[in-house]
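**Q** this one's sequence-less:
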């Protein structure tokens with residue numbers, strides 16, 4: 001017995017004395033960066049992180065992932081998987097109404113996820129780990145807010161309105177002015193007058209655009225708390241509406257349109273319906289299927305089909321919707337200089353009329369002009385310096401709405417206003433570059449003339465241009481002048497300066513330093529200096545990594561507690577591209 005105990009103790013001491021097997025380095029060719037990112041980090045899309053953490057050998061065109069970072073990689077892999085799961089959870093929360101009932105928390109979650117994606121793009125592992133915790137916290141807060149608020153009786157929200165829009169509370173209430181952000185409960189009504197429009201957003205993400213001269217009622221909006229399904233029913237009293245149904249409600253057939261004696265069974269993501277004063281109903285289906293039943297007869301509208309239902313009669317057989325007109329317009333983005341414009345489009349066979357919509361947004365939630373014409377052109381006045389989005393539909397002899405034309409954007413620029421000069425990423429008259437080569441891109445009016453230091457610069461058809469060259473001195477001065485077709489001109493001056501690494505090397509410490517040797521005698525060390533704007537300064541000692549961004553004047557400061565006698569590295573990189581500009585390494589004693 002004593003022998004067994006002695007033998008056991010001996011084996012235990014022997015195991016403790018044996019060296020722990022070091023985690024092995026992994027070397028791989030550069031062409032396998034995505035593959036190794038998947039193996040090591042769990043996601044090939046996370047390759048910027050591995051790229052920053054692995055050592056690159058230019059002679060062999062390969063990377064070396066050191067075994068000493070294995071635990072760090074494992075930690076990232078777990079946290080990254082949790083973030084990917086959070087993105088999937090976010091989609092579910094949105095489907096369950098987070099946009100309506102956890103808007104603040106969802107915005108914070110979106111911001112955390114956007115920041116995390118940016119950190120992935122920058123390859124900043126430390127930021128990724130920190131932001132992963134923020135994502136989980138924001139996800140938890142969003143879920144808790146949704147669970148707390150989803151039992152509210154609110155069913156829909158007035159997202160956009162233009163013109164005269166009114167709300168009626170309940171079936172017996174009076175009509176009052178509706179304000180953007182108002183909530184509509186069951187049996188609340190909405191009414192639009194001429195040249196007016198409203199967009200209702202429902203909890204499941206569905207949207208209903210209530211067009212002009214329309215009365216509709218939110219008849220029902222209920223939440224099944226067991227399966228989180230939203231049951232929505234909208235009654236169209238008269239007028240027309242355009243509905244975009246959320247995918248979940250489409251699949252569950254949980255969005256219903258009440259048309260009086262005509263019943264609907266909808267499994268579509270987009271449809272248009274009109275109910276006129278003579279009790280005639282027109283319906284156009286743009287996706288999936290829409291089933292209408294009247295007088296015990298049912299018809300099913302496939303994608304891009306429509307029908308007409310006259311009260312007391314069976315629905316007419318489905319017909320194909322008219323194709324969308326095409327505008328006679330050279331580009332989908334244009335700038336004009338006259339106060340009015342004539343829109344022209346291709347004629348559509350078998351069309352009775354056309355509808356031209358002008359809106360302030362590309363989703364046509366803020367339509368400020370809607371006109372029906374019998375010709376293939378329309379003259380319209382445009383507001384100054386505001387983008388206007390235009391689309392056209394054709395209507396057949398039964399007044400069934402056809403498909404939407406491509407969306408066109410037009411901006412009217414008064415010929416007394418000089419054209420703008422935008423330089424991408426440049427917000428002042430001073431630009432700093434890390435080397436001698438510079439390349440700037442910008443935007444101005446198409447068809448304008450651009451002169452840089454008395455030399456012409458090519459402007460592409462979309463108004464973009466580029467400036468590139470090599471600095472021969474510390475500074476280079478640009479004088480840009482752009483002139484539009486109306487003869488209006490605008491000038492902009494710009495100075496491009498090459499960064500001086502000597503300036504970055506002048507670092508102030510609160511501890512003794514000589515010949516780049518730090519003598520650490522206190523628990524907290526402060527380093528500060530002056531570089532340039534938009535620079536990220538990263539201090540690394542062992543596993544400790546701290547980063548700050550310089551102020552608009554280029555000032556920076558970092559405080560840290562030394563963990564060991566390992567060297568201290570200070571890196572200066574561009575915040576826009578993470579390009580290394582300068583690096584200083586200090587030894588520690």
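**A** Structure's in. What do you need? On a predicted model such as this, the values are computed, not experimentally measured, just so you know. Numbers count the residues shown, from 1 in each chain.

**Q** where does the stretch 401-550 of the chain have low pLDDT?
**A** Across the stretch 401-550 of the chain, the ranges flagged by pLDDT under 70 are 414, 522.

**Q** helices along that one, start to end?
**A** Assigned by DSSP state H, counting those that start in this stretch, the helices in the stretch 401-550 of the chain fall at 501-505.

**Q** hmm, who's touching whatever helix or strand residue 391 lives in?
**A** Per DSSP states H and E: residue 391 is located in strand 387-395. Strand 387-395 is contacted by residues 322-325, 327, 343, 345, 348, 351-362, 364, 372, 382, 401-412 when judged by C-beta atoms under 8 Å, 6 or more residues apart in numbering. Backbone N, C-alpha and C define where each C-beta goes, glycine included.

**Q** give me the mean pLDDT for that strand.
**A** For strand 387-395, mean pLDDT rounds to 95.

**Q** not counting its neighbours along the chain, what's nearest residue 580?
**A** Ranked by C-beta to C-beta, 6 or more residues apart in numbering and with sequence neighbours excluded, the top spatial neighbour of residue 580 is residue 573, at 5.4 Å.

**Q** thought that neighbour was touching residue 531?
**A** No. Using C-beta atoms under 8 Å, residue 573 is not in contact with residue 531, being 10.5 Å away.

**Q** distance of residue 229 relative to residue 221?
**A** With distances taken as C-beta to C-beta, to the nearest Å, residue 229 is found 12 Å from residue 221.

**Q** ok, now residue 400?
**A** 29 Å.

**Q** would you map the helices across the protein?
**A** Here the chain has its helices, by DSSP state H, at 2-17, 33-41, 47-53, 70-95, 98-101, 103-122, 125-149, 247-252, 501-505.

**Q** report the buried members of the contacts of strand 387-395.
**A** By neighbour count, with 16 or more other C-beta atoms under 10 Å, the contacts of strand 387-395 hold 322-325, 327, 343, 345, 348, 351, 354-360, 364, 382, 401-405, 407-408, 410-412 as buried.

**Q** bridge partners for residue 270, pull those for me.
**A** Residue 270 forms beta bridges with residue 244, as assigned by DSSP bridges.

**Q** still on that earlier bit, looking at residue 229 and residue 221, which is more packed in?
**A** When neighbours are counted by other C-beta atoms under 10 Å, residue 229 and residue 221 differ, and residue 221 comes out ahead with 22 against 16.

**Q** what's the burial count for the spatially closest residue to that one that is not a sequence neighbour?
**A** Spatial nearest neighbour of residue 221, excluding adjacent residues (C-beta to C-beta, 6+ apart): residue 155 at 2.9 Å. Counted with other C-beta under 10 Å, the neighbours of residue 155 add up to 25.

**Q** same question for residue 29.
**A** 12.

**Q** against residue 33, how distant is the nearest residue to it once chain neighbours are set aside?
**A** Distances taken as C-beta to C-beta, 6+ apart place residue 62 nearest to residue 29, at 5.0 Å, with adjacent residues excluded. Distance of residue 62 to residue 33, computed by C-beta to C-beta: 10 Å.

**Q** next: residue 78.
**A** Relative to residue 33, residue 78 is positioned 21 Å away (C-beta to C-beta).

**Q** quick one: which of those two has more around it?
**A** Shown here are residue 78 and residue 33; by other C-beta under 10 Å, residue 33 has more neighbours (19 against 12).

**Q** in the sheet, who's paired with residue 345?
**A** residue 327.

**Q** quick one: pLDDT of it?
**A** If you check residue 345, the pLDDT there is 95.

**Q** the one 10 residues further on too?
**A** At residue 355 the predicted local confidence, pLDDT, stands at 97.

**Q** quick check, it in contact with residue 400.
**A** No. Counting by C-beta under 8 Å, residue 355 does not reach residue 400; the two are 11.8 Å apart.
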